[in-house]
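*Asks:* A structural model of the following input is requested.
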Amino acid sequence: QVQLVESGGGLVQAGGSLRLSCAASGRTFSSYTMGWFRQAPGKEREFVAAISWSGRSTNYADSVKGRFTISRDNAKNTVYLQMNSLKPEDTAVYYCAADRQPRRVVVATTRPQYGSWGQGTQVTVSS
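*Replies:* Next up, the predicted model:
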C-alpha cells in the first residue's frame, strides 16, 4: 500500500493557474502509474490525467487536454498536475491515485485500476 498526500488546491479566478502536488510514501513510487481524478458536487469521480511509471506516457481527459499537464519526479516521490486556463467547471475535489499494478504497459485511466487514493484537495474556480 502507498500513502498519498495532495496539496496545492485553492481558490482561483477563471483563466488562472494552479499546480497540485501529490507526495507518495510506502512503496516503490517509480514502479507505478500515477493518476489524478476529480469529483464535483453531485457528480461521479472522473478521470483527469495519468502518467506512466516511467514518465514517458501520459493520458488526459478530453475536457482538460491542452490546459493541464501531468508530470512526476521519481527522485522526490511526487506527481504534479499543472492546471492552466482554469474554468469554473474545473471546480472539484482533486484526488491523486496510484495504480494497483506495477509497470503497467498501458496507462490506467479507470477508477478500478487504482488501489490507493489521497484525501483530496479542493480546487475552486470563480467566474
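*Asks:* which residues of the chain fall in helices?
*Replies:* Using DSSP state H, no helices are found in the chain.
*Asks:* For it, give me the ranges with low pLDDT.
*Replies:* Within the chain, no stretch has pLDDT under 70.
*Asks:* Contacts only, for Arg27.
*Replies:* Going by Cβ atoms under 8 Å, 6 or more residues apart in numbering, Arg27 touches Gln1, Val2. Where C-beta positions appear, they are placed from N, C-alpha and C, glycine not excepted.
*Asks:* From Arg100, how far off is it?
*Replies:* 11 Å (Cβ to Cβ, to the nearest Å).
*Asks:* for Val123, what are its contacts?
*Replies:* Contacts for Val123 were tallied using Cβ under 8 Å, 6+ apart; they are 9-10, 12, 18, 20, 38, 83, 86, 90-94.
*Asks:* Show me where the chain has its strands.
*Replies:* 3-7, 10-13, 18-25, 32-39, 46-51, 58-60, 68-73, 78-83, 92-102, 114-117, 121-126 (DSSP state E).
*Asks:* Can you lay out those as a markdown table showing distance to Ala108?
*Replies:* Formatted as a markdown table, the strands of the chain follow (distance: least, Cβ to Cβ, whole Å):
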| stretch | distance to Ala108 |
| --- | --- |
| strand 3-7 | 15 |
| strand 10-13 | 28 |
| strand 18-25 | 15 |
| strand 32-39 | 5 |
| strand 46-51 | 6 |
| strand 58-60 | 8 |
| strand 68-73 | 13 |
| strand 78-83 | 13 |
| strand 92-102 | 5 |
| strand 114-117 | 6 |
| strand 121-126 | 21 |
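*Asks:* from these, which stretch is densest packed?
*Replies:* The highest average neighbour count among these, using mean count of other Cβ atoms under 10 Å, belongs to strand 32-39 at a mean of 25.
*Asks:* Isn't Ser57 up against Ala49?
*Replies:* No. Counting by Cβ atoms under 8 Å, Ser57 does not reach Ala49; the two are 11.5 Å apart.
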